[in-house]
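**Student:** Below are the sequence and a predicted model for it; my questions follow.
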Amino acid sequence: MTGAQPAALYPRTRRIVRGCVDGWNRVGRQTEFYGLTVKGTWDAFVHYKSELVRLTAQMSLGSGALAIIGGTIVVVGFLTLSAGSLIAVQAYTQLQQIGVDALAGFNSAFLNVRLVSPLVAGIGLAATIGAGATAQLGAMRISEEIDAMEVMGIRSIAYLASTRLIAGVVVVIPLYCVAVLMAFLATRVGTTFVYGQSTGVYDHYFNTFLNPTDLLWSFLQAVIMAVVVMLVHTYYGFTASGGPAGVGEAVGRAVRASLVAVVFVTLFVSLAIYGQSGNFHLSG
């Protein structure tokens, strides 16, 4: 028995080591793809301008009937509208219990800008633009369209991945404007119209605590999230395999990875910008 134990443990150890090595190699390939995608943005600007314009229009408004109910702007606007309404409901009732319901405008200026709008916008990007990019690239991979492009001398990464990366960053700027405005509107309407707080009181505290610098940092955070989401989703779509089932699996893995990345981006960017103090002073 003692002599058989090393032989029995050896295959298990070999599987563990092989799994670690394969995982490390996968991280290396993924990092290499990200570098080539960022490097190919210049080629996308110079050689593939028409594809860049087409992708920007498709990502922002959708196509056909989906532009009305399923466009990215509609989805992200609805998500932030719902999140702003929840802030109005929860914040006002909790503040009312301790007698400071006048600070409902502060909650909107603080939470919507620093946390809710960036995080909800990142989730909306991953669920709409990112998932669509993964599905498109995965379908092209299994139908050998990407191989045909490379045979014709087309820079496949620049044409497919870099253009989608640029389009995602371009789209997120007006998209995030809509998200922030919808969050502000939902919180204001919920607090003043539903709960009956005076608009003057709400606007006073909202304007007092709304920091334009925080709003600019929030936009930067949204742009970083767009870059991360598009890099993750283009990689999983570009490397999809296994037929239609493999494309579906790639979409699921990409959404899972991008959602985790969005949370980490929100955490690290918030720590880098606001630090331990939070750059916040409750006064007035």
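**Tutor:** Looks like it came in fine. Residues are numbered from 1 along each chain as shown.

**Student:** list the buried ones in stretch 89-98?
**Tutor:** Of all the residues in stretch 89-98, those buried under the rule 16 or more other Cβ atoms under 10 Å are 91-92, 95. Where you see a C-beta, it was placed from the backbone N, CA and C, and this is true even at glycine.

**Student:** which of those lies closest to residue 167?
**Tutor:** Nearest to residue 167 among the buried residues of stretch 89-98 is residue 91, at 35.7 Å by Cβ to Cβ.

**Student:** Could you report the neighbour count for the residue lying closest to the closest one once chain neighbours are set aside?
**Tutor:** Distances taken as Cβ to Cβ, 6 or more residues apart in numbering place residue 107 nearest to residue 91, at 4.0 Å, with adjacent residues excluded. Using other Cβ atoms under 10 Å, residue 107 is surrounded by 22 other residues.

**Student:** swap in the one 10 residues further on?
**Tutor:** Look at residue 117: counted by other Cβ under 10 Å, it has 28 neighbours.

**Student:** Next: residue 111.
**Tutor:** 18.

**Student:** What spatial separation is found between the nearest residue to it once chain neighbours are set aside and residue 12?
**Tutor:** Of all residues not flanking residue 111 in the chain, residue 87 sits nearest, at 5.7 Å (Cβ to Cβ, 6+ apart). Residue 87 sits 51 Å away from residue 12, going by Cβ to Cβ, to the nearest Å.

**Student:** For residue 230, which non-adjacent residue is spatially closest?
**Tutor:** Among residues not flanking residue 230 along the chain, residue 168 sits closest, at 4.0 Å (Cβ to Cβ, 6+ apart).

**Student:** That neighbour reaches residue 232, doesn't it?
**Tutor:** No - the criterion here is Cβ atoms under 8 Å, and residue 168 misses it with residue 232 at 11.0 Å.

**Student:** Name the residue in these two with the higher neighbour count.
**Tutor:** The neighbour comparison of residue 168 against residue 232 (other Cβ under 10 Å) goes to residue 168, with 29 against 26.

**Student:** How about the contacts made by residue 120?
**Tutor:** Going by Cβ atoms under 8 Å, 6 or more residues apart in numbering, residue 120 touches 76, 79-80, 83, 179, 183.

**Student:** Who wins on neighbours among the residues you listed?
**Tutor:** Neighbour tally across the contacts of residue 120 (other Cβ under 10 Å): the maximum, 31 neighbours, falls on residue 179.

**Student:** Let's have the buried residues of stretch 89-98 in TSV, adding pLDDT.
**Tutor:** Putting these into TSV (pLDDT from 0 to 100) gives the following:
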residue	pLDDT
91	78
92	76
95	77
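
**Student:** which of those residues lies closest to residue 238?
**Tutor:** residue 91 (42.9 Å).

**Student:** which helices and strands sit right next to the strand or helix carrying that closest one?
**Tutor:** In this assignment (DSSP states H and E), residue 91 forms part of helix 72-97. In terms of contacts (3 or more Cβ pairs under 8 Å, 6 or more residues apart in numbering; DSSP states H and E), helix 72-97 is packed against helix 49-61, helix 104-107, helix 117-125, helix 163-189.
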